[in-house]
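Peer 1: Give me coordinates for this.
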Amino acid sequence: MGAAPRQLYSRIVAREDPRNGAAGSISPLTPVDMEHELNAVGDYFAGRAAWRTAEHIRGLLPGAGLVVCDELDFGAMAAAQEAGIPTVVVAVIASGALVRSERLRGPLGALSSSLTHAGPIRPHGDFFVVPFAPSMRDPDFPTPPNSLWMRPDIGSEPRPDGSLVATLGTEFNTESGDLFDRILAALTKLGIPATVAIGRDLDPAQFGRQPEFLNVEQYVDFDALLPRASTVMHHGGSGLFTRCILGGAPQIVFPMGADQPFTARQVSRLGVGRVLDPLTVTRSHIIDAVRDLQEDSAMRERILELRESLVSLPSPSRVVRQLLTAAE
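Peer 2: Have a look, this model is predicted:
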């Protein structure tokens, strides 16, 4: 995928990303605390982070005709709505289960008061753009009435070649204990072509020498690898969940935090992969799961049907035209 020219955007840094420095080591795995993850949305994203963001972008808004932000950028929503500018909120949580209205009322009320905002902040904006298939969302958390469905970048047609791709993302990769070691041990035993993406924080050398068919890399081109993969292992992020569907690949999910447990539920509900406990999963469990998925033709059919529902969504250009017309 190409990058947009730098001159199109001004970069605003409300807070330096603490992950800019390489961690180099992996901390122990801890049990998933779903209550903590839900509270973090209100306490941090709709709290401290939103206050900082709102203050940084208020001065940029005079003359703007539209503000586009993701569904966790409550500071941008608040500042735009304070200025009376139409707001487009883009869904980034496939399941919809992490951002819950009842947990936002208090934090957003406090944020609104701090900005002298007239009326409650609308966390779904004037338009809520959803780049996921409707069935990927948890039925207990339906989309709001102002939703616009949009097709994501669909990439290449699936052409599975028996290979496997594994990643634990760019944040939980350094909070995964010995999970990488267990994955690598399973892949060594399986003996199939595989690529493991470990992220910029880690050095492939720390995992030792691997067989020729097993590549350990900091960075990989998922757009190139996933359509050829017969199985994908990942942490359960919404992006990988979607890209596995677009690549036509069964997925094995190791949920460790954030929206991952909610994504894992949808993977199980839709029958498009397997969920394994990152704390207790063994090499043998992983081997058995990979073999089962690679032999499950019915699962692959379900994945391709779900892929078709994604591909059939309205194109981004159509949605953008609709939004620009509404903003005029």
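
Peer 1: Excluding residues flanking it in the chain, which one is nearest the most centrally placed residue in the chain?
Peer 2: Nearest residue to the geometric centre of the chain (CA atoms, centre = their mean): S238, 3.1 Å. Of all residues not flanking S238 in the chain, A94 sits nearest, at 3.9 Å (CB to CB, 6 or more residues apart in numbering). Yep, even glycine has a C-beta here, placed from its N, CA and C like the rest.

Peer 1: How about L29?
Peer 2: G177 is the one closest to L29 (CB to CB, 6+ apart), at 3.5 Å.

Peer 1: That neighbour and M256, how far apart?
Peer 2: 9 Å (CB to CB, to the nearest Å).

Peer 1: what residues are shared contacts of those two?
Peer 2: Common contacts of G177 and M256, defined by CB atoms under 8 Å, 6 or more residues apart in numbering, comprise 29, 278.

Peer 1: quick one, which of the two is more surrounded?
Peer 2: M256 (25 against 15; other CB atoms under 10 Å).

Peer 1: N173 contacts R200, doesn't it?
Peer 2: No - using CB atoms under 8 Å, N173 makes no contact with R200, being 9.1 Å away.

Peer 1: for A79, what are its contacts?
Peer 2: Here A79 is in contact with 53-54, 57-58, 61, 67, 115 (CB under 8 Å, 6+ apart).

Peer 1: ok, it to F262 distance?
Peer 2: 28 Å.

Peer 1: just A298 next, same as before
Peer 2: For A298, the distance to F262 equals 25 Å [CB to CB].

Peer 1: Next: P160.
Peer 2: In terms of CB to CB, P160 sits 27 Å off from F262.

Peer 1: For N173 and R200, indicate the residue with more neighbours.
Peer 2: Neighbour comparison, N173 and R200: the larger count goes to N173, with 22 against 12 (by other CB under 10 Å).

Peer 1: With adjacent residues omitted, what lies nearest to that one?
Peer 2: G199 (4.2 Å).

Peer 1: Also S101?
Peer 2: P123 is the one closest to S101 (CB to CB, 6+ apart), at 6.8 Å.
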